[in-house]
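>>> sharing a sequence plus its predicted fold:
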Amino acid sequence: MGVLYDYDEDVVVIRQAEKPGDPTKITVNCPDKTGLGCDLCRIILQFGLSISRGDVSTDGKWCYILFWVVGKPNTRWNLLHMRLLEVCPSCSSASGIIYYKPEFQQQPKPPDVFLLKFWCYHDRKGLLHDVTEVLCELELTIKRVKISTAPDGRVMGLFFVTDTRNELHTKKRQEDTINHLEAVLGDAMMSIEIELAGPEVTACSQGSSFLPPAITEEIFSLELLNERSNGSAVSNSLSVTMDNSLSPSHTLVQIICLDHKGLIYDIMRTLKDYNIQTSYGRFFANAKGMCEVDLLVMQVDGKKIVDPNKQNALSSRLRMELLRPLRVAVRSRGPDTELLVANPVELSGRGRPLVFYDITLALKILNIQIFSVEIGRHMIRDREWEVYRILLDEGDGFCLSRNKIEEGVRKKLMGWE
């Protein structure tokens, strides 16, 4: 008889740091699929962790991945283990590699969307971030937000969320969510309601899919133009090269760049969108804030990338995603000031995690109140983007320049505090 053992226990192993400041080691040992590295990195980023070092190897059917991560001391490691395990292919899939093909892949049923609605007697600095932090801790994913302030000072918040645990339809889960929100809203709270958002409610929340040309020009053209013309340290320190001479079957991709929050995720999601398989990878962030990445990759057909056009397309996309993984701009909206942040959406439909959390935290640190928020997805230049339009409250004491606001938000999003 064979020896029975718990397969799941060996797929993901987390060895916590023995001393404060040391990295925690995450080992993943499972069947391979194109995009697995992206999925794992997204979850690690969702838990507020940064990858300081990594090694990836696969024979095309089975992969072995090591991540050294640093971050919050209160990380829920058992929950992280569960979420990482959920994206790993089952043992039975090792008979053949699973490729990510969005046009053929059978998509799982989309999660139910719930409307969380609350009223507050008055606004205060950091209120929206405090609510966002609670929802993140409860593993409720924010899909859309509408925040508005009435003339009498009352605040209405509409959060369209999905539940990672698929339990928000239950009375217990709803009561737990409301209790957590009541604790953070305190005396300011008037009412909180949670209900399943029907198709008509979801449709009404979508708003217009059209963005004024001035906005797309502001955050997609001028920003990159300024980056190139300024010759900034970020641009000058970025290098992406490809070499086909070192391996008979793989293309070597070498990247040297300034480290930022979610950097490995940005690389992996780009490769996933291009349907590129990573056979071997090694990355390391040094004490000077630079990251070095070596990847041996091949196309979905098992061949290396020899077409110059494909090489240039991939290289250009990697450079763009590493220079500006998110777009940030502050502009005039009539007489008011509007903060714009655009977050690229993967072909799988997933957006970058914790973007709204970081935006609201940055504004809280800058002591800026939020008057209204709109979040929507838009097709811009043949790509889908999640666009955050945040109208700032320029009340008494508002004295920060737009450059300072943009700089503060960008640094928080990039982890450059």
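Good, I have the coordinates. Numbering: from 1, shown residues only.
>>> contact partners for the nearest residue to residue 325 once chain neighbours are set aside?
Taking CB to CB, 6 or more residues apart in numbering as the measure, residue 325 lies nearest to residue 266, with 4.7 Å between them; neighbours along the chain are not counted. Using the backbone N, CA and C atoms, a C-beta is placed for each residue, glycine as well. For residue 266, the residues meeting the contact criterion (CB atoms under 8 Å, 6 or more residues apart in numbering) are 321-322, 325.
>>> can I get these in JSON lines including pLDDT and neighbour count?
Conversion of the contacts of residue 266 to JSON lines gives the following (pLDDT from 0 to 100; neighbours: other CB atoms under 10 Å):
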{"residue": "321", "pLDDT": "92", "neighbour count": "18"}
{"residue": "322", "pLDDT": "94", "neighbour count": "23"}
{"residue": "325", "pLDDT": "92", "neighbour count": "21"}
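>>> mind listing which of the residues you listed are in helices?
Among the contacts of residue 266, the members falling in helices (DSSP state H) are 321-322.
>>> distance to residue 290 added to the contacts of residue 266, as TSV?
Compiled in TSV, the contacts of residue 266 are given as follows (distance: CB to CB, whole Å):
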residue	distance to residue 290
321	17
322	12
325	16
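>>> of the contacts of residue 266, which is the nearest to residue 149?
For the contacts of residue 266, the residue nearest residue 149 by CB to CB is residue 325; the value is 30.9 Å.
>>> before we move on, the earlier item: surely the residue nearest to residue 325 is in a helix?
Yes. Using DSSP: H, G, I helix; E, B strand; the rest coil, the assignment for residue 266 is a helix.
>>> tell me the confidence at it?
Predicted confidence (pLDDT) at residue 266: the value is 96.
>>> any low-confidence regions in the stretch 251-400 of the chain?
Judged by pLDDT under 70, the stretch 251-400 of the chain has its weakly predicted residues at 395-398.
>>> give me the phi and psi for residue 361.
Note on residue 361: backbone dihedrals following degrees, to the nearest 10 are phi -70, psi -40.
>>> residues touching it, list them.
Shown in contact with residue 361 (CB under 8 Å, 6+ apart): 129, 133, 412.
>>> ok, so of the residues you listed, who is nearest residue 345?
residue 412 (20.6 Å).
>>> wait, isn't the closest one in contact with residue 357?
No. The pair residue 412 / residue 357 is not scored as a contact, 9.5 Å apart, by CB atoms under 8 Å.
>>> those two: which has the busier surroundings?
Higher neighbour count among residue 412 and residue 357: residue 412, with 22 against 19, using other CB atoms under 10 Å.
>>> buried ones in stretch 184-195?
Buried residues in stretch 184-195, defined by neighbour count with 16 or more other CB atoms under 10 Å: 185, 188-189, 192, 194.
>>> scratch that, stretch 77-86
In stretch 77-86, the ones that count as buried by 16+ other CB under 10 Å are 80-81, 83-84.
>>> distance between that stretch and the chain's centre?
For stretch 77-86, the distance between its averaged C-alpha position and the chain's averaged C-alpha position is 17 Å (CA atoms, centre = their mean, to the nearest Å).
>>> show residues contacting that stretch.
8, 11-12, 14, 16, 24, 26, 28, 40, 43-44, 46-47, 49, 139, 164.
>>> alpha carbons of it, as PDB, please.
The C-alpha coordinates for stretch 77-86 follow below in PDB (Å, rounded to 0.1, in the frame of the first residue of the first chain):
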ATOM      1  CA  TRP A  77      -0.200  33.900   7.600                       C
ATOM      2  CA  ASN A  78      -2.800  31.100   7.800                       C
ATOM      3  CA  LEU A  79      -5.100  33.100   5.600                       C
ATOM      4  CA  LEU A  80      -2.300  33.900   3.200                       C
ATOM      5  CA  HIS A  81      -1.500  30.100   3.000                       C
ATOM      6  CA  MET A  82      -5.200  29.400   2.200                       C
ATOM      7  CA  ARG A  83      -5.400  32.100  -0.600                       C
ATOM      8  CA  LEU A  84      -2.100  31.000  -2.200                       C
ATOM      9  CA  LEU A  85      -3.300  27.400  -2.200                       C
ATOM     10  CA  GLU A  86      -6.500  28.300  -3.900                       C
END
